[in-house]
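Colleague: fold the stuff below for me.
(one chain, ligands or ions: 1)
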Amino acid sequence: MGPLTLTILGAGPAAPNPGGANSGYLVRQGPTAVVLDCGPGTAGQIALHVPPERLDGVAISHFHPDHYFDLVALYYLLKYGERRATRLPVWIPPDGRAFLDRFGRVVSDKSAMLEDIFDLREYTPGRETRIGDLEFTFLPVQHYVPSHAMRVRGNDGRVLVFSSDAAPCPGLPAAAQGADLFLCESALLDASQDERKPENRGHLTAAEAGAAAHAAGVKRLLITHYRSGEDHDQHHLTSARTTFNGPVDLARPGVTYTIKRD
Ligand SMILES: [Zn+2]
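Modeller: This is a model prediction of the structure:
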């Protein structure tokens, strides 16, 4: 069995970076391949790395458009592509089935449009969920809508944690505890871009992402969901390094990261 790997399909914030896509990641180990979030522009990236019909599942962190709109593009990829023996499991937040039923009706003339291709499954936060050979745990984090960090454990015990969209909150370092790789959002250049009251906030600065990484004792931090640009990129890295002493990088679209203990 090979190592756990993370491939960046899209690392942009809600307003995509030039030439880039929204939130989407591919996690693989051996024959297992799972997509984390499926934001606009990411479905077309999947086939560069794995045949879409061979996916073991898709997991959606929360229902903001930049995290799930390309479920429609993935639906058509599977509907008109190579046949699968079974429908593709799509793991969604609690009450997500009713939400996607309404969404399917809006984008199609058929009721429950998505469900002839997707096997929709609502996850239970805090409970381990096996997808292929990987163990997923979905853990609530503070955002403007219900949002779930994803803790992914490979069969070699290595752990990847994806923050989802999150504000500074106790749930974030709890979810990321001891992770070998922490893929953490940094949608803000400055905290003044978010709501003023801490309880109303929904995103992180890179310094806050670094603080969460430090509190969680992670081995490595990968910043994502960030606004790119030459000055911005350096700002994210410099800011994160003020609060986190370990290795920090910006998630780069198309790049595959190997998750190892070293
Ligand atoms: Zn969001």
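
Colleague: what's near enough to touch the residue nearest to residue 256 when sequence neighbours are not counted?
Modeller: Excluding the flanking residues, the one nearest residue 256 by C-beta to C-beta, 6 or more residues apart in numbering is residue 7, at 4.4 Å. For glycine as for every other residue, the C-beta is placed from the backbone atoms N, C-alpha and C. Counting by C-beta atoms under 8 Å, 6 or more residues apart in numbering, residue 7 touches 25-28, 49, 254-257.

Colleague: in strands only, show me those residues.
Modeller: Of the contacts of residue 7, the ones assigned to strands by DSSP state E are 25-28, 256-257.

Colleague: need the residues of the chain near the ion, please.
Modeller: Counting by C-beta under 5 Å from the ion, the chain comes close to the ion at 64, 165.

Colleague: need the outlier residue of the chain, farthest from its centre.
Modeller: Relative to the centre of the chain, the most outlying C-alpha is that of residue 109, 29.5 Å out, by C-alpha atoms, centre = their mean.

Colleague: could you look up the SS state of that one?
Modeller: Secondary structure for residue 109, judged by DSSP: H, G, I helix; E, B strand; the rest coil, is coil.

Colleague: just to revisit the earlier point, quick check, the residue nearest to residue 256 in a strand?
Modeller: Yes: per three-state DSSP, residue 7 lies within a strand segment.

Colleague: what residues are up against the residue of the stretch 101-250 of the chain found nearest the ion?
Modeller: Distance from the ion to each residue of the stretch 101-250 of the chain (C-beta to the ion) is smallest for residue 165, at 3.5 Å. Residues in contact with residue 165, defined by C-beta under 8 Å, 6+ apart, are 61-62, 64, 67, 141, 143, 147, 185, 187, 202-203, 225.

Colleague: which positions in the worst-scoring helix or strand of the chain on mean pLDDT come out as buried?
Modeller: When the helices and strands of the chain are scored by mean pLDDT, DSSP states H and E, helix 96-107 comes last with a mean of 90. Neighbour-count burial for helix 96-107, counted by 16 or more other C-beta atoms under 10 Å, picks out 96-97, 100-101, 103-104.

Colleague: can you pull out the helices in the stretch 1-150 of the chain?
Modeller: 43-46, 65-68, 71-79, 96-107 (DSSP state H, counting those that start in this stretch).

Colleague: who's in contact with the closest residue to residue 32 other than its chain neighbours?
Modeller: Nearest residue to residue 32, sequence neighbours excluded (C-beta to C-beta, 6+ apart): residue 132, at 3.2 Å. By C-beta under 8 Å, 6+ apart, the contact set of residue 132 is 29, 31-34, 56-57.

Colleague: check residue 223 too.
Modeller: Contact partners of residue 223, counting by C-beta under 8 Å, 6+ apart, are 184-186, 206, 209, 236-237, 240, 248-251.

Colleague: give me the residue from the stretch 1-150 of the chain nearest the ion.
Modeller: As assessed by C-beta to the ion, the ion sits closest to residue 64 within the stretch 1-150 of the chain, at 3.4 Å.
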